[in-house]
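K.L.:
sequence and predicted structure, then a few things I'm wondering about:
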Amino acid sequence: MTKWLQSGRRRDTCYILADEGELRGQELKSRLESHYDARIEPSAFYGSLSALVEAGHVEVRTEGISDVYALTEAGERRLREHYEWVRDRVE
C-alpha cells in the first residue's frame, strides 16, 4: 500500500472527492467532520490535503478567494485499487 493510503483521513478525503467531484476546502472539511461526527483541527486537515496534492492524488486550483480540490486520475486509480483490495478481504 502506498504511504498516502496509510491515513484513514486521506482515504476518506479521496472517497468524498470521488463522490462529490470538486469541493472548496471548507466544504470538504465539513463533509469529513460530518462523517466522523467530530471537529477536525484545520492544520491537521490541510496538512492531509497538502500531502495528497504533493503526492499527485489531488489537485488544487484557486477560485475567487477559495481553493477548490479535485481527485486526479492517479488518485482515482489508487482509490479503486484500495477499494478492490478491501472488497476482496470482505468477500
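P.N.:
Great, that's in hand.

K.L.:
just give me the longest helix of the protein.
P.N.:
Counting residues, the longest helix in the chain under DSSP state H turns out to be helix 73-90.

K.L.:
quick one: mean pLDDT over that one.
P.N.:
Helix 73-90 shows a mean pLDDT of 93.

K.L.:
so which other helices or strands are in contact with that helix?
P.N.:
On a contact count with 3 or more Cβ pairs under 8 Å, 6 or more residues apart in numbering; DSSP states H and E, helix 73-90 meets helix 8-20. Using the backbone N, CA and C atoms, a C-beta is placed for each residue, glycine as well.

K.L.:
quick revisit: can you check what angle separates the longest helix of the chain from helix 8-20?
P.N.:
Interaxial angle of helix 73-90 relative to helix 8-20 (axes from the mean of the first three to the mean of the last three Cα atoms, to 10 degrees): 110 degrees.

K.L.:
list the buried residues for helix 73-90?
P.N.:
Neighbour counts over helix 73-90 (16 or more other Cβ atoms under 10 Å) mark G75, R78, L79, H82 as buried.

K.L.:
and the first one, how far is that from V86?
P.N.:
Here the distance between G75 and V86 works out to 16 Å (Cβ to Cβ, to the nearest Å).

K.L.:
cool, and the third one?
P.N.:
Taking Cβ to Cβ as the measure, L79 falls 11 Å from V86.

K.L.:
now do the contacts for R77.
P.N.:
Contact partners of R77, counting by Cβ atoms under 8 Å, 6 or more residues apart in numbering, are absent.

K.L.:
which regions of this protein lie under the pLDDT threshold?
P.N.:
Flagging of the chain using pLDDT under 70 yields the residue ranges 1-6.

K.L.:
returning to that earlier point: tell me the one of the buried residues of helix 73-90 nearest D67?
P.N.:
Comparing the buried residues of helix 73-90 against D67 with Cβ to Cβ picks out G75 as the nearest, at 16.2 Å.

K.L.:
pull the number of nearby residues for the closest residue to that closest one other than its chain neighbours.
P.N.:
If the residues on either side of it in the chain are set aside, G75 comes closest to H57, at 3.3 Å by Cβ to Cβ, 6 or more residues apart in numbering. Using other Cβ atoms under 10 Å, the number of residues around H57 comes to 24.
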